[in-house]
Each structure stands twice: as C-alpha cells, then as structure tokens.
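Novice: Give me a 3D structure for the following:
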Amino acid sequence: MIKNADLNLLVYNALSFGTAVMLGAFVYFLTQISSVSKKYRSSIAASAVVVGIAGYHYFRIWGAFSEGKVNEGYRYADWLITVPLLIVELLIVLGVTADRRRKLMSTLVPATALMIGLGYPGEVSTDDGTKWIFWILAMLPFFYILYVLVGELKEVKSRENATIAGLITNATRILLVTWCVYPITYLFPVFFDYPHDGAETARQLGYTIADITAKAGYGLAVLAIAKARSASEPS
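Specialist: Here you go, the predicted structure:
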C-alpha cells in the first residue's frame, strides 16, 4: 500500500475512474449490438463482456485499495479472461475466412493465456531477478502475438478498401501500442528500490490508463469497423 497520502489519493481516484469508464462502456456496447450486422454482433458482445469483466475487477481492486491492500490477483484474473477476448474481437471483424479465423484463434488465444500466466509470478515477487526472469518468459508469447497481428494487418491492407483498412489499422495500433505499455509498467518496481511509493503509483496508473485504452478505447475502434462493414455489405 502507498504511504504517501497524495499519491494514495491519486491512485484511488484513478481506480475509481477506471471502474466508472469500464461500467459505462459496458452499458454503451450493449446498446450498440443491434446497430451492426448479425455476423459482427458477437464482436460487439465480446467488447461488452471485456469491459463488464474489467469493471467488476476494477471495482474489487478499488475496494481493496481503499482498505489498504493491493491485490494484483484481481488484475491478472481480469486479464486472463479479457485479453484473449480482445483478440477474438479483432478476428471477427478482420475479414478473414472462417478457417483462417479458427486457425488464428487456436494459436493466439493460448498464447495470450500463456503470456498472462507467465507474468503473474514476477508481478507478485519482490525479487528483481525473479521479475526479470518471468518478464522475459512472458515476452516470448507477447512478441509472437505482435508478429502474427502485424502480418495479418499487412494482408488486410492488400484486400480491403481504404476506409475499412484504415479503421482496422487504427484498431490494431491501439491494441499493439497499449500492449507495449504493460511490459514497461511491469518493470517500474525494478527501477526503484522496493518498496517505493513512486513506483507503485506509476504501476497502478500505467496499468489503469492502458486498460482503459486497450479495452474501452479499442472496443470503440472495433465497433467502428463493424459499423463500416455493415454499411458496405448488402442487408
């Protein structure tokens, strides 16, 4: 728990804001499911599930923090469920064939679960060596996921019209850029002597900002793709 009162309040307010954004996005995405074609509705439903689950866990993290506890188990439980769903959201609107989508899901979804699972032991450890070991291990599936998504993005640009290709590019960039924030934030405690209020504050704020962008912001980008595809296809 952060001892500095001002930093403590900053993190508390950030977690409160994260809770509000996730729950607000959950309601919004539910209202938008019927605004897209049937083939894309599962993607918007997945967006709603992602922010709904994140909102619940942020509420738990916020509540625990107000009682003087930092429980990263809530955050990792959230990621273990929602990160694979973020991949599923994108694959549904990516425009790949059903066979290609199933093949991608069969490799990318396990890779995301492996990435999160490998990150947790280092996250909760106070030993810098342990943190580095599990950071490196978690980065292996992380780089694999980035490599595959960048390859798929190149394929999209070659087959889609400029509008849809641009929207898919934006969504993929949001996902990839915000995902790069997580491994940097993960290492904040390594850069400072443990325990350090500044490191803990930066870690909580970094994760919260990244989560809001990678889930609510990314969900809006996926919704824009689904609406554009729905408008361009026969009813």
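
Novice: and after the helix or strand bottoming out on mean pLDDT in the chain, which helix or strand comes next?
Specialist: One helix or strand of the chain scores below all others by mean pLDDT, DSSP states H and E: helix 188-191, with a mean of 87. Past helix 188-191, further along toward the C-terminus, the next helix or strand under DSSP states H and E is helix 197-211.

Novice: what's the offset of the helix or strand where residue 140 lies from the middle of its chain?
Specialist: Secondary structure assignment for residue 140, by DSSP H and E: helix 128-159. Taking CA atoms, centre = their mean, to the nearest Å, one finds helix 128-159 lying 14 Å from the centre of the chain it belongs to.

Novice: What mean pLDDT does it get?
Specialist: Average pLDDT, helix 128-159: 90.

Novice: ok, and for it, which residues are buried?
Specialist: By neighbour count on 16 or more other CB atoms under 10 Å, the buried set for helix 128-159 is 131, 134-135, 137-139, 141-142, 144-146, 149, 152-153, 156. Placement of C-beta: from N, CA and C, glycine included.

Novice: pLDDT on the helix or strand just after it, on average?
Specialist: Toward the C-terminal end, the helix or strand that comes next after helix 128-159 (DSSP H and E) is helix 162-186. Per-residue pLDDT over helix 162-186 has a mean of 90.

Novice: angle of helix 162-186 against helix 128-159?
Specialist: With axes from the mean of the first three to the mean of the last three CA atoms, to 10 degrees defining the directions, helix 162-186 sits at 180 degrees from helix 128-159.

Novice: what residues does helix 162-186 touch?
Specialist: Residues outside helix 162-186 that contact it (CB atoms under 8 Å, 6 or more residues apart in numbering): 86, 90, 93-95, 119, 122-123, 131, 135, 138-139, 142, 146, 149-150, 153, 156-157, 160, 202-203, 206-207, 209-210, 213-214, 217-218, 221-222, 224-225, 228-229, 232.

Novice: try it again with 6 Å
Specialist: For helix 162-186, contacts defined as CB atoms under 6 Å, 6 or more residues apart in numbering pick out 153, 156-157, 203, 206-207, 210, 213-214, 217-218, 221-222, 224-225, 228.

Novice: From the contact counts, what lies against the least confident helix or strand of the chain?
Specialist: On a contact count with 3 or more CB pairs under 6 Å, 6 or more residues apart in numbering; DSSP states H and E, helix 188-191 meets helix 197-211.

Novice: which parts of the helix it packs on are buried?
Specialist: For helix 197-211, the neighbour count (16+ other CB under 10 Å) marks 197, 199-211 as buried.

Novice: Surely residue 83 touches residue 112?
Specialist: Yes. Using CB atoms under 6 Å, residue 83 is in contact with residue 112, at 4.6 Å.

Novice: element containing residue 54?
Specialist: If you go by DSSP H and E, residue 54 is part of helix 38-66.

Novice: next one: whichever helix or strand comes after that helix to chain centre, how far?
Specialist: Heading C-terminal from helix 38-66, the first helix or strand you meet, by DSSP H and E, is helix 72-93. Relative to the chain's own centre, helix 72-93 is displaced by 6 Å; criterion: CA atoms, centre = their mean.

Novice: Check which residues of the following helix or strand past helix 72-93 are buried.
Specialist: Remark: after helix 72-93, the chain's next helix or strand is helix 98-124, criterion DSSP H and E. Along helix 98-124, these residues count as buried under the neighbour rule (16+ other CB under 10 Å): 104, 108-109, 111-120, 122-123.

Novice: angle of helix 98-124 against helix 128-159?
Specialist: Going by the same axes, to 10 degrees, helix 98-124 makes 160 degrees with helix 128-159.
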